[in-house]
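S.K.: Need coordinates for the below:
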Amino acid sequence: MDPRIKIVILGHSFVRRLGVFVNDPVNNRPSCFENSSSGSTDRFDGPLSNLFFDPSRVEILFESWGGSTICKGEKCLKYLFHRVLAHSPDVIFLQIGSNDIAKTDPHTLGVEIAEAARYFVSRGIKRVMVGQLVYRHGRGIPHSRPDFNRRVDFLNRMLAEIFQHEPCIELQKHKGLWKDGVAMFLADGVHFNRLGQTKYFRSIRGALLRGLKEIGRQL
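M.R.: Have a look, this model is predicted:
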């Protein structure tokens, strides 16, 4: 039996692009991810491809589908749930909803995301971390939905409220991606550039460190 802690990062293109980012040797320098101004004592015990976790103790797995949704459709992320559970993870980080919110009522979408997180808990996952949605900028905002970012705000507030009452589920607030947010994105206004990707990485790693502590697996 594999004694390592298993973590699955699951979601749409943000997760796929993060997987590409962490496997690029150009980025594999811990000094690029240290934040001396915060007084952080974060340790980097493994390669960037494993989110700097010691691979003898923690295994990071990526399951992604670009353009996927959580609501019903041809690219519904629920089609991957069986693959996720096959890994027998201890912790799941879920990033989903950005491809739904322009067409789906935010309240309905919030219920769908919450139910997905609860499903994993019901299947024995010890901790589920849900990444909050982030704004889009410029041409990334659909012409048919100029209120896209207001809908994001509503959904994030709703999820924060729901998960306050869920002992095994937590909403991860992506710090550093809001102030001067446009500087974190590619020209498409949807996906992160290298600076944004670095901050997104930090946010997810921080969430996972906290999640491991919550399940009693302090590193």
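
S.K.: Low-confidence bits of this protein, can you list those?
M.R.: 28-43, 217-219 (pLDDT under 70).

S.K.: Tell me where it has helices.
M.R.: For the chain, applying DSSP state H gives helices covering 13-22, 81-86, 106-122, 148-163, 194-214.

S.K.: Now distance to Arg136 too, for those, in CSV please.
M.R.: In this view, the C-beta of every residue, glycine as well, is placed from N, C-alpha and C. Rendered in CSV, the data for those read as follows (distance: least, C-beta to C-beta, whole Å):
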stretch, distance to Arg136
helix 13-22, 12
helix 81-86, 26
helix 106-122, 15
helix 148-163, 6
helix 194-214, 12
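
S.K.: export those to a markdown table and tack on distance to Gly140 and mean neighbour count?
M.R.: As requested, those are exported to a markdown table (distance: least, C-beta to C-beta, whole Å; neighbours: other C-beta atoms under 10 Å):
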| stretch | distance to Gly140 | mean neighbour count |
| --- | --- | --- |
| helix 13-22 | 12 | 19 |
| helix 81-86 | 28 | 14 |
| helix 106-122 | 18 | 17 |
| helix 148-163 | 8 | 17 |
| helix 194-214 | 12 | 19 |
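
S.K.: The closest residue to Asp100 other than its chain neighbours: neighbouring residues, count only.
M.R.: In space, not counting the residues next to it along the chain, Asp100 is nearest to Thr69; the distance is 4.7 Å by C-beta to C-beta, 6 or more residues apart in numbering. For Thr69, the number of neighbouring residues by other C-beta atoms under 10 Å comes to 23.

S.K.: swap in the one 10 residues further on?
M.R.: Each residue near Tyr79 was counted by other C-beta under 10 Å, and the total is 12.

S.K.: Next one: it from Leu10, what distance?
M.R.: Remark: distance between Tyr79 and Leu10 (C-beta to C-beta, to the nearest Å) = 12 Å.

S.K.: likewise Gly216?
M.R.: Between Gly216 and Leu10 the distance, using C-beta to C-beta, works out to 23 Å.

S.K.: Neighbour count for these two, which is higher?
M.R.: Leu10 (25 against 7).

S.K.: Could you tell me which residues make contact with that one?
M.R.: Taking C-beta atoms under 8 Å, 6 or more residues apart in numbering, we find Leu10 in contact with 63-64, 77, 80, 84, 92-96.

S.K.: try His191
M.R.: Applying C-beta under 8 Å, 6+ apart as the definition, the contact partners of His191 turn out to be 13-14, 17, 185.

S.K.: Thr104 too?
M.R.: Contacts here follow C-beta under 8 Å, 6+ apart; on that basis Thr104 touches 71, 112.

S.K.: now the one 10 residues further on
M.R.: Ala114 makes contacts with 159, 162-163, 166, 169, as judged by C-beta under 8 Å, 6+ apart.

S.K.: Stretch 180-195 spans what distance, first to last residue?
M.R.: 12 Å (C-alpha to C-alpha, to the nearest Å).

S.K.: list the buried ones in it?
M.R.: Within stretch 180-195, the residues scored as buried using 16 or more other C-beta atoms under 10 Å are 181, 184-185, 190-192.

S.K.: Nearest to Pro106, out of those residues: which one, please.
M.R.: Nearest to Pro106, judged by C-beta to C-beta, of these is Val190 at 18.1 Å.
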